[in-house]
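> The sequence and its predicted three-dimensional model are supplied below.
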Amino acid sequence: MNWLAQTTMLSFGWRRFLLLLIAGAVAGLSMPPLFFLPLIFLAFPIWVWALDGAEEKTGLGRIFGPAFSIGLSFGLGYFLVALHWLGAAFFVDGGWLLILMPFAVLALSAVLAMFWGFASSLAFYFWSDSAWRILALAFFLTTAEILRGHLFSGFPFDLLGYALSANDMMAQITSVIGIYGLSAITALIAFMPALIWPADNRALTRRLIPFFTIIVIIVVQMAYGQYRLDSVKIIEREDIKLRLVQPNIKQAQKWQAGASDMIMERLISLSKTKLNASDAGLNGITYVIWPEAAIPSYLSQKPQYVAQIGRMLPLGKYLITGAPRDEILANGERVAYNSIMMFNSSGEVVDSYDKIHLVPFGEYLPFENIFKKFGLKQFVPGNDGWKAGKTRSVMSANSIAPFLPLICYEAIFSASLGKDIKNADFILNLTNDGWFDGSIGLEQHFHHVKIRAIEEGRSLVRVANTGITALIDPLGRVRAQINIGEAGILDISPPRPLAGTFFTKYKNNPLFLVLFIVFLGLVFQKIRNRRIKNL
């Protein structure tokens, strides 16, 4: 490590770029589902040592100079590894789009890495020889993570904190500080080994203080997690029963002409399955739940499907399903939504929700006029893209077990589930991970969703077309699941929500307060260092 520290500080040009790119890629292996946690303590100090040896610039060079390129190259390696699975979507349609796959993944990684580049530049402005430089870099990297999770519609996949959430015990801390708070802790301890090396005239005991600090932080995190798992009482419920249906339809097959009839038959057949001789079938079920876009047709154009749903459901039972929904506006414009619809036994829609947070390039095309000139369109079929819904509120049938609806990656946005979450008995996440079948993306997406259950203290019911269909309890523990690549059903009863967590009450406000205090400390330290330098 001493050799690595000195080599990094002396590197420049393409050698430094390559070294930081590799270091970022190594750090990316800490993300779910791999969780190679020790690698962050090897990779992130390289960022610090590179800044220790970076050249100071003036003017625009202060912003886009060596410090920026150091953070950018590290972030580029990180996101290329952590998000490489996004390229799997290009294999669904195949053809000439495969040529664009590496460029698309590279472009997205580069855009996300720019957040880390700016964090690096700003931290370098407050740089010093003391431990304050670690605090500065951790502060600005945490701020960058918050911004990339919110700006330009937000993309909070693989926030740093997920590296410290590998199991139920470690993840419990998010009930207090959320995933962004855990990201701040991850950034801080990941940079700390840079205070141990390079070896100099400091006493060994002093140099090892950061090492023991890391150990203490992780031990406290795990001790709290075990205490919470042991002490928090989960209240079970038997008054409702949900039947979760995972049809396991391949994405390439889903939107083929004539496939919708086969898909409807499979969905209905699975829904009516009796698990054993004493199973009451749908008569004992409160809600039958199908995944996102389970019905690959506009039901306004397929009245026979509505009739089939009505015949399937016993009196007083309901189907919740993802389906495209079209609507004619007052001006005659036809718009389409990615929706969740609830049907009763008469085939009537008694409640619905239109997805609010659409996926850029997946469900709508940013800068549409430009990209369409090159023949590009959004991945998900649907006219000229989907229209975003306006509001999110709880759904229920006659006030039976109200739930908060989330479609696909809406469930990865921490502290952004809306005010109505307090009125929900559980969170319902319908998804279609078939776009990324065969990649680690399915497991990664599932892990991100688990953290929302812990943060909010509510059961999370997840129903996937293919991927992982599961019941997650309010402590983030998986009670039951259907595995990737399997078709089947689960009959589950989600436990009642907890009275509340620290995070549900205060969200990220305590984190913002801590960040503000740290920023004031950095400014004070900067002024102090200038005065000392001018003496």
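Cool, got the structure. Residues are numbered from 1 along each chain as shown.
> which outside residues touch stretch 498-510?
Under the contact criterion Cβ atoms under 8 Å, 6 or more residues apart in numbering, stretch 498-510 has outside partners 146, 174-178, 180-181, 232, 414-415, 421-422, 454-458, 474. Placement of C-beta: from N, CA and C, glycine included.
> Helices - which of those land there?
Under the assignment DSSP state H, the contacts of stretch 498-510 contribute Ile146, Thr174, Ser175, Val176, Ile177, Gly178, Tyr180, Gly181, Ile454, Glu455, Glu456 to helices.
> In this protein, what helix or strand scores lowest on average pLDDT?
Every helix and strand in the chain was compared by mean pLDDT, DSSP states H and E; the lowest is helix 368-371, with a mean of 53.
> tell me the domain boundaries of this structure?
2-231+507-534, 242-497 (automatic domain parsing).
> For the first one, give the mean pLDDT please.
Meaning domain 2-231+507-534. Averaged across domain 2-231+507-534, pLDDT comes to 94.
> Between the two ends of that domain, what distance do you get?
33 Å (Cα to Cα, to the nearest Å).
> Stretch 389-399 now?
For stretch 389-399, the first-to-last residue distance is 22 Å (Cα to Cα).
> Rounded mean pLDDT for it, please.
Stretch 389-399 comes out with an average pLDDT of 90.
> where's it relative to the chain centroid, distance-wise?
Between the centre of stretch 389-399 and the centre of its chain there are 23 Å (Cα atoms, centre = their mean, to the nearest Å).
> And for stretch 184-195?
Relative to the chain's own centre, stretch 184-195 is displaced by 22 Å; criterion: Cα atoms, centre = their mean.
> just stretch 200-219 next, same as before
33 Å.
> just to revisit the earlier point, list buried residues within the contacts of stretch 498-510.
Buried residues within the contacts of stretch 498-510, counting neighbours by 16 or more other Cβ atoms under 10 Å: 146, 174-178, 180-181, 414-415, 421, 454-458, 474.
> Tell me, how many residues neighbour Phe516?
By the criterion of other Cβ atoms under 10 Å, Phe516 has 10 neighbours.
> Which neighbouring elements make contact with the helix or strand where Tyr353 lies?
Element membership for Tyr353, per DSSP states H and E: strand 349-354. Here strand 349-354 is seen to pack against strand 318-328, strand 334-343, strand 395-397 when contacts are counted using 3 or more Cβ pairs under 8 Å, 6 or more residues apart in numbering; DSSP states H and E.
> what would these look like in TSV with mean neighbour count?
Converted to TSV, the helices and strands packed on strand 349-354 look like this (neighbours: other Cβ atoms under 10 Å):
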stretch	mean neighbour count
strand 318-328	21
strand 334-343	22
strand 395-397	19
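> between those, which one is nearest to Leu72?
Among the helices and strands packed on strand 349-354, strand 334-343 comes nearest to Leu72, with 33.7 Å by Cβ to Cβ.
> what pLDDT, on average, does that closest one get?
Computed over strand 334-343, the average pLDDT equals 92.
> start the count at 21, not 1, going forward
With the count now opening at 21, the last piece we talked about shows up as strand 354-363.
> Within its sheet, name the partner strands of that strand and how each one runs.
strand 338-348 (antiparallel), strand 369-374 (antiparallel) (DSSP bridges).
> Which of the helices and strands packed on strand 369-374 sits closest to Leu179?
Closest approach to Leu179 among these is made by strand 354-363 (24.4 Å; Cβ to Cβ).
> ok, now which ones touch the nearest residue to Phe211 once chain neighbours are set aside?
Once flanking residues are discounted, Phe211 sits nearest to Ile154: 4.7 Å by Cβ to Cβ, 6 or more residues apart in numbering. By Cβ under 8 Å, 6+ apart, the contact set of Ile154 is Val68, Leu208, Phe211, Met212, Ala214, Leu215.
> my read: the first one touches Phe211, true?
What it means is Val68. Yes. With contact defined as Cβ atoms under 8 Å, Val68 counts as touching Phe211 (5.5 Å).
> So for these two, which residues contact both of them?
In contact with both Val68 and Phe211: Ile154, Leu157, using Cβ under 8 Å, 6+ apart.
> Closest to the centroid, which residue in this protein?
A centroid search over the chain (Cα atoms, centre = their mean) returns Ile432, at 3.5 Å, as the residue closest to the centre.
> Pop out the phi and psi values for the residue lying closest to that one once chain neighbours are set aside.
Closest residue to Ile432 apart from its sequence neighbours, by Cβ to Cβ, 6+ apart: His468 at 4.5 Å. Dihedral pair for His468: phi -60, psi -40, per degrees, to the nearest 10.
> His468 is in contact with Tyr182, isn't it?
Yes. His468 lies in contact with Tyr182 (Cβ under 8 Å); the separation is 7.0 Å.
> any common contacting residues for these two?
Pro52.
> Quick check: Gly496 vs His465, distance?
15 Å (Cβ to Cβ, to the nearest Å).
> More neighbours: those two, which one.
Ranked by neighbour count (other Cβ under 10 Å), Gly496 and His465 place Gly496 first, with 27 against 24.
> For the more buried one, give its distance to Val469.
Following Cβ to Cβ, the distance that separates Gly496 from Val469 is 10 Å.
> cool, and Phe172?
From Phe172 to Val469 the distance is 22 Å (Cβ to Cβ).
> Looking at those two, which is more packed in?
Val469 (24 against 10).
> how far away is the more buried one from Thr233?
Remark: distance between Val469 and Thr233 (Cβ to Cβ) = 32 Å.
> hang on, Ile255 in a strand?
No. Assigned with DSSP: H, G, I helix; E, B strand; the rest coil, Ile255 falls outside any strand and is coil.
> wait, doesn't it sit right on Pro494?
No. The pair Ile255 / Pro494 is not scored as a contact, 9.2 Å apart, by Cβ under 8 Å.
> Next, show the common contact partners of these two.
Overlap of the contact sets of Ile255 and Pro494 (by Cβ under 8 Å, 6+ apart) consists of Pro515.
> quick one, phi psi at the spatially closest residue to Leu49 that is not a sequence neighbour?
Closest residue to Leu49 apart from its sequence neighbours, by Cβ to Cβ, 6+ apart: Phe56 at 4.4 Å. Main-chain torsions, Phe56, degrees, to the nearest 10: phi -80, psi 70.
> Does Phe56 touch Ser50 like I think?
Yes. Using Cβ under 8 Å, Phe56 is in contact with Ser50, at 5.5 Å.
> More neighbours: which of the two?
When neighbours are counted by other Cβ under 10 Å, Ser50 comes out ahead of the other of Phe56 and Ser50, with 27 against 15.
> can I assume the more buried one sits in a helix?
No. Assigned with three-state DSSP, Ser50 falls outside any helix and is coil.
> give the contact list for it.
Contacts for Ser50 (Cβ under 8 Å, 6+ apart) come out as Phe56, Leu57, Leu59, Ile60, Ala183.
> Only the buried subset of the residues you listed, as a PyMOL command please.
In PyMOL, this line selects whichever of the contacts of Ser50 come out buried by 16+ other Cβ under 10 Å:
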select buried, resi 57+59+60+183
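> could you dump the contacts of Ser50 to a markdown table with secondary structure?
Below are the contacts of Ser50 laid out as a markdown table (three-state DSSP):
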| residue | secondary structure |
| --- | --- |
| Phe56 | coil |
| Leu57 | coil |
| Leu59 | helix |
| Ile60 | helix |
| Ala183 | helix |
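> Convert stretch 86-104 to CSV, retaining C-alpha atoms only.
Written as CSV, here are the backbone C-alpha positions of stretch 86-104 (Å, rounded to 0.1, in the frame of the first residue of the first chain):
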residue,chain,number,x,y,z
PRO,A,86,-6.6,17.5,-13.0
ALA,A,87,-8.8,17.2,-9.9
PHE,A,88,-11.9,17.0,-12.1
SER,A,89,-10.4,14.4,-14.4
ILE,A,90,-9.3,12.3,-11.4
GLY,A,91,-12.9,12.1,-10.1
LEU,A,92,-14.3,11.6,-13.6
SER,A,93,-12.0,8.7,-14.4
PHE,A,94,-12.6,7.0,-11.0
GLY,A,95,-16.4,7.5,-11.4
LEU,A,96,-16.3,6.2,-15.0
GLY,A,97,-14.7,3.0,-13.9
TYR,A,98,-17.1,2.6,-11.0
PHE,A,99,-20.3,3.1,-13.1
LEU,A,100,-19.1,1.0,-16.1
VAL,A,101,-18.7,-2.0,-13.7
ALA,A,102,-21.7,-1.3,-11.4
LEU,A,103,-24.1,-0.6,-14.3
HIS,A,104,-22.8,-2.7,-17.1
